[in-house]
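Asks: Structural data only, the sequence is not supplied:
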Ligand code: ADP
Ligand code: TZD
């Protein structure tokens, strides 16, 4: 417990030591094992950032709050503890809101702490410096939002924020700290006593035995069972249990993108390479920490059993999730199992025992056949050494490098750069892949890369579309400043999706999707003392990445990709509204 002496007290005269709002915030975070703050200083939190550093917290200072927010959110995902982002009022707060909302959407535990202006002035709308009713604005974007007005309530405010962020379904929490709070003083002993070390912040939630029985019965009767692993399963850190569930039942599984590596992608029961066959054919699907949202075509239509539904009554779903209201959100869930994944899978395993019958050979063989065919086809495509380099040529290199460095973190954003990387680059260990998630949001790249390096100590490879990189590119300075082992690889095809679009009006402006041609992105990294690499061939890319991983120096590889490669919106072209005929 740190304490400052109030200037008003004279220790010699025996007056009690005092503390203040600044130190109570810092002490409350430290008491709850929060060791790092991601943020950007300014009024009224500049001194808080300095004092936090003085008190042994790591203060990672960014160039834009959105990136600090994304860093905090992914730190939350990687640690299953809230990541903390600290910003100034109004504009700084607003800059971080995309990250807060993205954290809530993706179920990442995060706390956004923003300084704010004086309540009296804000509420009367008298025009304070950076005036804004931040709490009201944050509420619909956060799982919970709180404001602390009195120093003696800081401990409670931080405890509530921590519990709200990590208990049940994790999410983003907003904590509003008005400027005046920081300077409030109170007796140091009373201050210490007001702080709370949160006991069991994310309590286990044990599933009901009858829910487990219902699920087991359904699974036992399946002819073509399938397990879908989502990022909730990665977050839950029940790696051994999830692996045992797959291996003891022998049921094939599909990993969602951030669940890749929970079991190695090369596992014989991975059905990833036969996804488009497995989803519509499966008769019983066990969802583990994955929502039936757009990423899984809402559990219906031709991606699923739609075309056969009439013949065999449609697919049956078992869903494991901590959120009871997730059930039936898109289609009927026949066997909901509500609880934390560790407890739910453990309960299922107890019922499965050791003599669980393997799924019918016909199902396993049909999947293997498709899988082997698709893998062989992919190997052929990857082996082609196209000039100019295309996504496959470049990803053949990235795939080898990730295989040789399975502990490295992989950050991934873009459209084609995302979709191709997800399907081509195998992951070998849990929680190594972090990406655009549920929203498909651009701009997570450098924030995620910074936090991935800081939180894991491992080298980070960020595979970025050239458009995607632009949303957070200035943070290469942050990467250089903290000397982080981050290797950014930009798949540079001169534009959003591709670089070949023309102005349909025939004017001098470039098309909305086209960028400056042959931009030298690698020089951005050189500007701050990092290593820049220009790579026009797979060999140059390989050498650049290998050296970056060896040296652990901040590196940016500008990988030149054929500007005609790729498709509009990558694999989600179908979501683009199409122009209607008007005549
Ligand atoms: P993906 O995008 O990988 O399919 P989603 O983000 O859609 O994954 O789903 C993650 C799900 O995991 C959410 O519904 C969330 O409630 C759930 N979840 C998160 N943590 C846990 C946990 N510890 N136990 C059970 N469910 C969890
Ligand atoms: N803005 C935000 C915040 N998120 C978005 N997803 C988009 C805009 C729209 N968008 C995509 O969905 S992908 C993408 C944008 C702008 C960039 C695609 O181009 P890229 O990748 O260069 O990053 P590829 O590999 O060239 O397709």
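Replies: Good, I have the coordinates. Just so you know, these numbers come straight off a predicted model, no measurement behind them. Ligands and ions are numbered 1, 2, ... in the order given.
Asks: Tell me who's in contact with the one residue in the stretch 401-550 of the chain that gets nearest to ligand 1.
Replies: With C-beta to the nearest ligand atom as the measure, residue 438 is the residue of the stretch 401-550 of the chain nearest to ligand 1, at 5.2 Å. Every C-beta, even on glycine, is put in place using the N, C-alpha and C of the backbone. For residue 438, the residues meeting the contact criterion (C-beta atoms under 8 Å, 6 or more residues apart in numbering) are 105, 106, 291, 293, 295.
Asks: per-residue confidence at it?
Replies: Confidence per residue is given as pLDDT, and for residue 438 that number is 98.
Asks: Can you give me the distance of it to residue 296?
Replies: 11 Å (C-beta to C-beta, to the nearest Å).
Asks: does the closest residue to residue 298 other than its chain neighbours sit in a helix, a strand or a coil?
Replies: Nearest-residue entry for residue 298: residue 330, 4.4 Å, with adjacent residues in sequence omitted and distances by C-beta to C-beta, 6 or more residues apart in numbering. The three-state label for residue 330, taken from DSSP: H, G, I helix; E, B strand; the rest coil, comes out as coil.
Asks: Would you mind measuring from residue 156 to residue 162?
Replies: From residue 156 to residue 162 the distance is 11 Å (C-beta to C-beta).
Asks: got a list of what residue 182 touches?
Replies: The contact partners of residue 182, taken as C-beta under 8 Å, 6+ apart, are 20, 21, 22, 25, 44, 45, 47, 48, 115.
Asks: Same list (those) but as JSON lines, adding secondary structure.
Replies: Conversion of those to JSON lines gives the following (three-state DSSP):
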{"residue": "20", "secondary structure": "strand"}
{"residue": "21", "secondary structure": "helix"}
{"residue": "22", "secondary structure": "helix"}
{"residue": "25", "secondary structure": "helix"}
{"residue": "44", "secondary structure": "coil"}
{"residue": "45", "secondary structure": "coil"}
{"residue": "47", "secondary structure": "helix"}
{"residue": "48", "secondary structure": "helix"}
{"residue": "115", "secondary structure": "strand"}
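Asks: Which of the residues you listed are buried? Put it as a ChimeraX command.
Replies: What follows is the ChimeraX syntax selecting those of the contacts of residue 182 that are buried according to 16 or more other C-beta atoms under 10 Å:
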select :20,21,22,25,44,45,48,115
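Asks: how much space between residue 365 and residue 274?
Replies: The span separating residue 365 from residue 274 equals 11 Å under the rule C-beta to C-beta.
Asks: related to what we said a few turns ago, check the contacts of residue 182 against ligand 1, which are close?
Replies: With respect to ligand 1, and counting by C-beta under 6 Å from any ligand atom, no part of the contacts of residue 182 is in contact.
Asks: Just list the residues touching the residue in the stretch 101-250 of the chain that ligand 1 sits nearest to, thanks.
Replies: For the stretch 101-250 of the chain, the residue closest to ligand 1 is residue 232, as judged by C-beta to the nearest ligand atom, at 1.9 Å. Going by C-beta under 8 Å, 6+ apart, residue 232 touches 107, 288, 289, 290, 321, 322, 341.
Asks: Assign it to helix, strand or coil.
Replies: When classified by three-state DSSP, residue 232 comes out as helix.
Asks: Find the least confident helix or strand in this structure, judged by mean pLDDT.
Replies: Ranked by mean pLDDT, DSSP states H and E, the weakest helix or strand in the chain is helix 309-312, scoring a mean of 57.
Asks: one step back: who's more crowded, residue 365 and residue 274?
Replies: More neighbours sit around residue 274 than around the other of residue 365 and residue 274, counting by other C-beta atoms under 10 Å; the figures are 22 against 10.
Asks: That one against residue 374, yeah?
Replies: Yes - in terms of C-beta atoms under 8 Å, residue 274 counts as a neighbour of residue 374; the distance is 6.4 Å.
Asks: For residue 213, give me its contacts.
Replies: When contacts are taken as C-beta under 8 Å, 6+ apart, residue 213 is in contact with residue 351.
Asks: my hunch is that it is in a helix, does that hold up?
Replies: Yes - with three-state DSSP as the criterion, residue 213 is part of a helix.
Asks: Next one: it from ligand 2, what distance?
Replies: Taking C-beta to the nearest ligand atom, to the nearest Å as the measure, residue 213 falls 42 Å from ligand 2.
Asks: next one: residue 332
Replies: According to C-beta to the nearest ligand atom, residue 332 stands 31 Å off from ligand 2.
Asks: cool, residue 382 as well?
Replies: The gap separating residue 382 from ligand 2 is 17 Å, by C-beta to the nearest ligand atom.
Asks: which ones are touching that residue?
Replies: Here residue 382 is in contact with 392, 393, 395, 396, 399, 424 (criterion: C-beta under 8 Å, 6+ apart).
Asks: Verify the contact between the fourth one and residue 538 for me.
Replies: Read it as residue 396. Yes - counting by C-beta under 8 Å, residue 396 touches residue 538, with 6.5 Å between them.
Asks: What residues does the stretch 201-350 of the chain have near ligand 1?
Replies: Counting by C-beta under 6 Å from any ligand atom, the positions of the stretch 201-350 of the chain adjacent to ligand 1 are 230-232, 235-236, 256, 258-259, 289-291, 293, 295, 321-323, 326, 340-341.
Asks: Flag the shaky bits of the stretch 251-400 of the chain, pLDDT-wise.
Replies: Per-residue confidence of the stretch 251-400 of the chain (counting by pLDDT under 70) places the weak regions at 306-313.
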